[in-house]
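**Q** Need coordinates for the below:
(3 chains)
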Amino acid sequence: MNAVTAQLPALQVVIPLLGAIIAAFLRRGTLAWAWAALITALTPVIAFAQLHQVWTNDTISYRMGGWPPPIGIEYRVDLLNAFVLLLVSLVSTIMMPYARRSVAHEIDGDKQAWFYCMYLLGLAGLLGITITGDAFNAFVFLEISSLSTYVMIAMGRDRRALVASYQYLIIGTIGATLYVIGVGLLYLVTGSLNFADIGTRLAEASAAYPRPVLAGLAFLFVGISLKLALFPLHVWLPNAYAYAPSFATAFLAATATKVAIYLLLRIVFSVYGVAIDLNTLPVSTVLYPLSIAAMFIASILAVYETNLKRMLAYSSVAQIGYITLGIALMNQAGLTGSVVHLFNHALIKGALFLALGAIVYRAGTIKLDDLGGIGRTMPLTFAAFVFAGMSLMGVPGTAGFISKYYLIVGALDAGLWPIAFLIVASSLIALVYIGRAVEVAYFRPIASAPANAKDPPLMMLVPILVLTFASIYFGIDTELSAGVASRVAETLLGGLK
Amino acid sequence: MGGFENFFAHYNYVATIVLMVAGLYIVIARGNMIKKLIGLMLFQTSVYLLYIAPGKIIGGTPPILDANFTIYSNPLPHVLILTAIVVGVATIALGLAIVSRIHEAYGTIEEDEIIARDDQE
Amino acid sequence: MRLDVVLRVGVKLIIPFMLVFGLYVQLHGDYGPGGGFQAGVIVAGAIITYALIFGIEEAQRVAPRKLVEFLVPLGVLIYAGTGVIGLLSGQNFLDYSVLAAHAPAGRERGILLVEAGVLVTVASTMIALFYAFSERGR
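**A** This is a model prediction of the structure:
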């Protein structure tokens, strides 16, 4: 048993990676789905075991190939990435039962096995970015997950999916390349690629070479911001989410941007923060205006959008604004809000996009104007949409409220009461766009597309309801979400210089 | 050292920056999707140079221990960049595959024409 | 190009040397520049040259599409499988020292296996890409 426990960090990545290879040999869609579901279900077990170990004991350090860090690649699990690992693997597992019918509906039979292969590769990449303690290894996993994401998006039914995938490929590759330039600059001045080791050497390096160190931060920051769709670097996101297959959209919305935010936290707090006083670096100065612009402009764009998937995509950009705002605040409550919103937003957006996928499955369209009365013909699905939407707005008693509560407290702690006001004001815009969908769904006469629609089969309905329930439940019981998040914030801030 | 000499003493960085900016310019300025990918390749190539050039030490040999040699070049950047090259190849291959699918679906690979065709619908 | 005698004879002469050179680069990776990536591309280059001169159908008789697409994941499996051997024998993932009684010898053997996996994947990926593009729009 002990031997297995010691190998958990490797298994976390190796299992989905090997699973993806074997999925490539399975040529039949249903078989590949069953295999992918089995592999996915193993990952949260490993993640939970690791979170438990980190919570009770200390950081896990795993030596790839037996080589000690910083020479070898180190897999390092602390509270922050154990939490993100659990989030990514758990949400994927909940979504997997949903995938079979949705993917069978939207993707041709002979390509389904490849889709699951790409999905598993993407999952392995995301888990790899999260678990690795090596900056270059993170780049490789970033590209593994990105390349499989481009393929998944290009598999969408609409031909615009191809253009969306191409645009994401260009922007994503630029982002990854900027990241690797930043890593290169850090490697040149510190001679190390291990995050923790760079952190310990950076203070000295920054005294000798202040400019490359600062330029490295800029490259890393912009590169990762492209990946996490920080406003105004979000242009790839709405189309990519709108035209990708429904399951891929839900998977990406719930996991991919979250992992990019994790990487930003790692770079800012564990690499730069431990060596240099963060107040002397322009992190907050850049993040404040961009986050607030994202919260307002992206929300307003969402209000004017008639394609529901694009509407939620813009809403994602706005929500990412809240998360980065918490990072900009750099105090205990703000950072807790950030990390807890990472968690809550993954659940909420997962539920919302799955509900939209069910609407595509039954009604065949997600144009708001064609969906009059959908709330009456698909009652359970749309009820889930409304509850998850309420959580998105931050109605008290929902998970979204907890995140915003911490953010507001963080803003007040920092003495920035206008920002607290702006958080509330921008949340009201979410009320407008969710409210508009509710109005069409419940108060308009039933249109032709939803007339014959009904709630999707149980395999699809249950994941939607589970995620919706979770996005309400974590507003009441905050032990797992806010409890862990506040300890994460404590350790991140505790390590700062 | 004056600014002028300093500039030429770091000629490898100058080359890196020229490649980087030229690549990025092509990606932004060109509407043809294949040309954009070529720009992207150029942009990635600049990174290879950024890593490889400082790894070479003048007079250094490959890092195989031998009593006759004392100065070795740094092998790590080469290994890293070998990986980055493979990643780059995969990216470009995927990009070209998507472009050829776009060509089949739209009959053009000019970005503005594609946008115009989508707007007509 | 089927009637161009110089090309056909020249290519027939050069392909064996390309394949042997690929093998040389593969095995010489211990002592000089080389290894699975470079060797894989050279081996794929031999097949692709053959396809360019004699046509894609002829090339597919040598390296059938199905086989090539099977080899892509197989190479990765060899690589990852070598890593898993380390796991199964109680060491860390990708620790090759268990492959032989003497740790450095085990590492050498591990690298040999891993590079073989890389060769298979890179060569077959390149050929698969070439097939995929050349069969488009026919």
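**Q** got the contact list for A:Val4?
**A** A:Leu11 (CB atoms under 8 Å, 6 or more residues apart in numbering or on different chains). Any C-beta I mention is one placed from the backbone N, CA and C, and that applies to glycine too.
**Q** Name the nearest residue to the closest residue to chain A within chain B, ignoring sequence neighbours.
**A** Closest residue of chain B to chain A, CB to the nearest CB: B:Ala105 (4.0 Å). Distance criterion CB to CB, 6 or more residues apart in numbering or on different chains; nearest residue to B:Ala105, sequence neighbours excluded, is A:Arg159 at 4.0 Å.
**Q** thought A:Thr324 was touching A:His234?
**A** No - with contact defined as CB atoms under 8 Å, A:Thr324 does not count as touching A:His234 (11.5 Å).
**Q** tell me the contacts of A:Ser246?
**A** Here A:Ser246 is in contact with A:102, A:106, A:353-354, A:356-357, A:360-361 (CB under 8 Å, 6+ apart).
**Q** Tell me how many other residues crowd A:Val440.
**A** 20 (other CB atoms under 10 Å in any protein chain shown).
**Q** Can you spell out which helices and strands pack onto the helix or strand where it lies?
**A** Using DSSP states H and E, A:Val440 sits in helix A:417-443. In terms of contacts (3 or more CB pairs under 8 Å, 6 or more residues apart in numbering or on different chains; DSSP states H and E), helix A:417-443 is packed against helix A:283-293, helix A:299-303, helix A:308-329, helix A:374-377, helix A:379-393, helix A:399-413.
**Q** Which neighbouring elements make contact with whichever helix or strand comes after that helix?
**A** Per DSSP H and E, the first helix or strand lying C-terminal to helix A:417-443 is helix A:448-451. If contacts are counted by 3+ CB pairs under 8 Å, 6+ apart, helix A:448-451 sits against helix A:332-363, helix A:374-377.
**Q** if we can go back for a sec, any of the contacts of A:Ser246 buried? List them.
**A** With burial judged by 16 or more other CB atoms under 10 Å in any protein chain shown, the buried subset of the contacts of A:Ser246 is A:102, A:106, A:353-354, A:356-357, A:360-361.
**Q** And these, which is closest to A:Gly223?
**A** A:Phe353 (25.8 Å; CB to CB).
**Q** Now the closest one: closest residue in space, sequence neighbours ignored.
**A** A:Ala250 (3.8 Å).
**Q** Against B:Gly31, how distant is the nearest residue to A:Ala451 once chain neighbours are set aside?
**A** With CB to CB, 6+ apart as the criterion, A:Ala451 has its nearest non-adjacent residue at 6.8 Å, and that residue is A:Thr377. A:Thr377 sits 44 Å away from B:Gly31, going by CB to CB, to the nearest Å.
**Q** Who has more neighbours out of the two?
**A** Using other CB under 10 Å, the more surrounded residue of A:Thr377 and B:Gly31 is A:Thr377, with 21 against 13.
**Q** was I right about that one contacting A:Ser448?
**A** No - A:Thr377 is beyond contact range of A:Ser448, at 11.3 Å (criterion: CB under 8 Å).
**Q** List the buried residues for the helix ranked longest in chain B?
**A** Counting by DSSP state H, the longest helix found in chain B is helix B:76-106. Neighbour counts over helix B:76-106 (16+ other CB under 10 Å) mark B:76-78, B:80-81, B:83-84, B:86-89, B:91-103, B:105-106 as buried.
**Q** near chain A, anything from the helix or strand bottoming out on mean pLDDT in chain B?
**A** The least trusted helix or strand in chain B, going by mean pLDDT, DSSP states H and E, turns out to be helix B:3-9, with a mean of 75. No - Helix B:3-9 lies out of reach of chain A by CB under 8 Å from any CB of the partner chain, never closer than 13.0 Å.
**Q** Looking at the helices and strands packed on helix A:417-443, spot the one closest to B:Ile115.
**A** Using CB to CB, the helices and strands packed on helix A:417-443 put helix A:308-329 closest to B:Ile115, at 15.6 Å.
**Q** and that closest one, how far from the chain's centre?
**A** 11 Å (CA atoms, centre = their mean, to the nearest Å).
**Q** okay, the helices and strands packed on helix A:417-443 in TSV with mean pLDDT next?
**A** Formatted as TSV, these follow (pLDDT from 0 to 100):
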stretch	mean pLDDT
helix A:283-293	91
helix A:299-303	92
helix A:308-329	92
helix A:374-377	85
helix A:379-393	91
helix A:399-413	91
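**Q** Any idea which of these gets closest to C:Thr49?
**A** helix A:308-329 (46.1 Å).
**Q** List the residues that contact the residue nearest to A:Phe136 when sequence neighbours are not counted.
**A** Take A:Phe136 and drop its neighbours on the chain: the residue closest to it by CB to CB, 6+ apart is A:Leu193, 5.0 Å away. Contacts for A:Leu193 were tallied using CB under 8 Å, 6+ apart; they are A:70, A:134-137, A:183, A:187, B:80.
**Q** ok, now A:Thr30?
**A** Taking CB under 8 Å, 6+ apart, one finds A:100, A:104 in contact with A:Thr30.
**Q** and if we set it to 10 Å?
**A** Neighbouring residues of A:Thr30 by CB atoms under 10 Å, 6 or more residues apart in numbering or on different chains: A:100, A:103-104, A:109, A:112-113.
**Q** how close does it sit to chain C?
**A** According to CB to the nearest CB, to the nearest Å, A:Thr30 and chain C sit 19 Å apart.
**Q** Show the pLDDT at that residue.
**A** Listed pLDDT for A:Thr30 reads 87.
**Q** Which strand or helix spans it?
**A** helix A:29-56.
**Q** So is whichever helix or strand comes after that helix next to chain C?
**A** Per DSSP H and E, the first helix or strand lying C-terminal to helix A:29-56 is strand A:60-63. Yes - Strand A:60-63 reaches chain C (CB under 10 Å from any CB of the partner chain) through A:62-63.
**Q** Buried ones in strand A:60-63, by neighbour count?
**A** A:60, A:62-63.
**Q** Just the CA coordinates for whatever helix or strand comes next after that strand, please, in PDB.
**A** Helices and strands here follow DSSP H and E; after strand A:60-63, the next one along the chain is strand A:74-77. Provided in PDB are the C-alpha atoms of strand A:74-77 (Å, rounded to 0.1, in the frame of the first residue of the first chain):
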ATOM      1  CA  GLU A  74      10.200  17.200  -9.700                       C
ATOM      2  CA  TYR A  75       6.400  16.700  -9.200                       C
ATOM      3  CA  ARG A  76       5.500  18.800  -6.300                       C
ATOM      4  CA  VAL A  77       2.100  18.700  -4.700                       C
END
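**Q** circling back: now do the helix holding A:Val440 against helix A:283-293, angle only.
**A** Relative orientation of helix A:417-443 versus helix A:283-293 (axes from the mean of the first three to the mean of the last three CA atoms, to 10 degrees): 30 degrees.
**Q** Run through chain C and note the low-pLDDT ranges.
**A** Counting by pLDDT under 70, the ranges of chain C that qualify are C:1-3, C:137-138.
**Q** What parts of it come near chain A?
**A** Counting by CB under 10 Å from any CB, chain C sits next to chain A at C:69-70, C:72-77, C:79-81, C:83-84, C:86-88, C:90-98, C:103, C:107, C:110.
**Q** From those residues, which land in helices?
**A** Per DSSP H, the residues of chain C next to chain A map to helices at C:69-70, C:72-77, C:79-81, C:83-84, C:86-88, C:103, C:107, C:110.
**Q** circling back: just the buried residues of the helix holding A:Thr30, please?
**A** So helix A:29-56, judged by 16+ other CB under 10 Å, has buried residues A:29, A:32-33, A:35-37, A:39-40, A:42-44, A:46-47, A:49-51, A:53-54.
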